[in-house]
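In: Pasting the sequence and the predicted model now:
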Amino acid sequence: MRRVLVTAALCLAVAVVLPRSALAGLQYQFQEDHLESFQFELSRSVRTERAGVDLLQPFSTRIQGTVQRYVARVFRDGSLGLVVRTMGLDGSIQRVGMSESKLDLSAVEGRSLSLRLDRGGAQLDSTGWLHLRRAGAGDLVDDVLLGSAPRLPARIPAQGEAVASSYRMQLPIDEGLSCQQTWILSYSPVEEKLDECHGSCRALAYEGTVRENCMDRANALERSGSAKVTGQLEIHVRGARSRVRAHRWSVDWERQLAPSHGDQPTAQIIQYLSSEGSLKAEDKR
């Protein structure tokens, strides 16, 4: 299976200032030496073709488990060293024309990524990709690990307002493979009653696009792609502090793969990947 990376925003704790009309000044407010846990479910479907013919057998996967994270270091410039990992994984895979079977995820159980983020969630550095790839599960848990600490919008809008956000991420996915993604999103409030929060929660929807360009030097390949993303966050407001307590998202990728050099024309390989997921904080206080 071709290496695939999908990034989708998940759960986080944030510190905010609350003006009358909207939340403002979103920043990370993780607790040091504190392990946070979130239950997640993730389903994906993948189809790979060349010249309109399936190159690989289409398949779909379903995974559920726990994503854990903690702050391992605070740097002198105030940026955070965050460790994220998946635990208690259970999954299945189904190929077209075949029955569903158990997906072996034991190789990535407990394996982690290290992310360095500024207070607004901009990714400054990341390590651990090759460690994950050599475990043999490809990109199956990238969505959850990377998405556990997304870039935050400058502020959360008031009713009837939309806040635009754009940013780039450099992802050293594998040995010789590096990708740059450009995210363009728009956030808007959702008029939805969240009974579990007794009036103290707010719902925030987002939608937008992602552009991706990658160079696979090890295999002399170029990869480019685009995606449409949508999602909804539930934010629990508690005085001057808030946290995202639940999240649902959907990402639809189309990627093209072609040789990076050579005189002979070759039909592009196109991959279609759709991903849907949800995440809920175990501690909903």
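Out: That came through fine.

In: Show the end-to-end separation of stretch 255-274, please.
Out: Start to finish, the residues bounding stretch 255-274 are 11 Å apart (C-alpha to C-alpha, to the nearest Å).

In: Where do the strands of the chain begin and end?
Out: Defined through DSSP state E, the strands belonging to the chain, from first to last, are 13-17, 24-28, 36-50, 53-74, 80-95, 101-102, 112-117, 123-127, 163-174, 177-190, 201-216, 221-238, 241-259, 269-281.

In: Low-confidence bits of the stretch 51-200 of the chain, can you list those?
Out: Confidence mapping of the stretch 51-200 of the chain against pLDDT under 70 gives the ranges 136-138, 150, 193-199.

In: ok, back up a step: output the strands of the chain in CSV, with distance to Val141 and mean neighbour count appended to each entry.
Out: C-betas here are computed from N, CA, C, even on glycine. CSV is the format used below for those (distance: least, C-beta to C-beta, whole Å; neighbours: other C-beta atoms under 10 Å):
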stretch, distance to Val141, mean neighbour count
strand 13-17, 21, 18
strand 24-28, 22, 17
strand 36-50, 8, 19
strand 53-74, 7, 16
strand 80-95, 5, 18
strand 101-102, 16, 10
strand 112-117, 9, 20
strand 123-127, 14, 16
strand 163-174, 13, 16
strand 177-190, 17, 18
strand 201-216, 19, 18
strand 221-238, 18, 19
strand 241-259, 15, 19
strand 269-281, 11, 19
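
In: Reformat these as JSON lines; add distance to Asp139.
Out: Listed next are the strands of the chain as JSON lines, based on distance: least, C-beta to C-beta, whole Å:
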{"stretch": "strand 13-17", "distance to Asp139": "26"}
{"stretch": "strand 24-28", "distance to Asp139": "25"}
{"stretch": "strand 36-50", "distance to Asp139": "9"}
{"stretch": "strand 53-74", "distance to Asp139": "11"}
{"stretch": "strand 80-95", "distance to Asp139": "13"}
{"stretch": "strand 101-102", "distance to Asp139": "19"}
{"stretch": "strand 112-117", "distance to Asp139": "12"}
{"stretch": "strand 123-127", "distance to Asp139": "14"}
{"stretch": "strand 163-174", "distance to Asp139": "8"}
{"stretch": "strand 177-190", "distance to Asp139": "11"}
{"stretch": "strand 201-216", "distance to Asp139": "12"}
{"stretch": "strand 221-238", "distance to Asp139": "13"}
{"stretch": "strand 241-259", "distance to Asp139": "11"}
{"stretch": "strand 269-281", "distance to Asp139": "9"}
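
In: right, so of those, which gets closest to Leu152?
Out: Nearest to Leu152 among the strands of the chain is strand 24-28; the distance by C-beta to C-beta comes to 4.3 Å.

In: model confidence over the closest one, on average?
Out: Confidence for strand 24-28, expressed as mean pLDDT, is 60.

In: ditto for stretch 226-246
Out: pLDDT averaged over stretch 226-246 gives 77.

In: Centre of the chain to it, how far?
Out: Relative to the mean C-alpha coordinate of its chain, stretch 226-246 is positioned 13 Å out (C-alpha atoms, centre = their mean, to the nearest Å).

In: Sounds good, over and out.
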